[in-house]
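[1] Below is the sequence, then the predicted model.
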Amino acid sequence: MLSSLTTYLSLKLCDGSSRKLIAGWWYFILFIAIIQFFIACYTSSTRGGTEAFVSLWSSIVLLLLCVGGTVIMRKFQSSVAVGFFMGSVVAASQMFFLIFLVLFGYIEDRIENELPVDGERLNGFVCLMQSILLAAFAAILAAHRSEILDKKISTEDDGTYEAPTRNPIV
């Protein structure tokens, strides 16, 4: 089901290339990460210590994920690296969903204290969007990970097997 949905998306959006779909989705996540960083800078300058720390920490984690993910997607395309990357993306998705829930709970407290909540609403919305994008990216990557992995095919193999020789112990 998931594979057919992502195939449909790649046919409609990227001329049938799932690699282009994965790359385009990743670039959009990078763009939202930059927006998240600017929101974190704003939050740290206008809010208290705890909220500023959560906002900055989540944006730093996201930026590190973006750098590491870009390196893995471009250079280190082994099964272990891609699997680690998928796990990191799922963990980041869950983190941003939890931050979304905490922020919208925090909004109610700020409303009761008659404090402005526009920054929290924006940050919560961006966290929810980032969570959905990361979860969808992990699902797309899981469905098409075989197309991302390096395919190292030996052209010198003639199909015969030679047993290794033992060197005498001196």
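    Perfect, thanks for sending it.
[2] for this structure, what's the longest helix?
    helix 79-112 (DSSP state H).
[3] helix or strand right after that one?
    Proceeding N to C from helix 79-112, the next assigned helix or strand is helix 118-143, under DSSP states H and E.
[4] elements contacting that following helix?
    If you count contacts as 3 or more CB pairs under 8 Å, 6 or more residues apart in numbering; DSSP states H and E, helix 118-143 packs onto helix 2-14, helix 18-46, helix 49-74, helix 79-112. Placement of C-beta: from N, CA and C, glycine included.
[5] Tell me which of the ones you listed lies nearest to residue 137.
    Judged by CB to CB, the one of the helices and strands packed on helix 118-143 that comes nearest to residue 137 is helix 18-46, at 5.1 Å.
[6] Now that closest one: buried residues?
    For helix 18-46, burial by neighbour count (16 or more other CB atoms under 10 Å) applies to 18, 21-22, 25-26, 29-30, 32-33, 36-37, 39-40, 43-44.
[7] what does stretch 134-143 give?
    134-143.
[8] could you measure the residue nearest to the spatial centre of the chain against residue 103, distance?
    In the chain, the centroid-proximal residue (CA atoms, centre = their mean) is residue 89; its distance is 3.9 Å. Using CB to CB, to the nearest Å, residue 89 is found at 21 Å from residue 103.
[9] go on, residue 48?
    Separation of residue 48 from residue 103 (CB to CB) stands at 14 Å.
[10] who has more neighbours, those two?
    Shown here are residue 48 and residue 103; by other CB atoms under 10 Å, residue 103 has more neighbours (23 against 9).
[11] Give me the number of neighbouring residues for the nearest residue to the more buried one once chain neighbours are set aside.
    With sequence-adjacent residues excluded and distances taken as CB to CB, 6 or more residues apart in numbering, residue 103 is closest to residue 124, at 3.9 Å. Here the number of neighbours of residue 124 (other CB under 10 Å) works out to 21.
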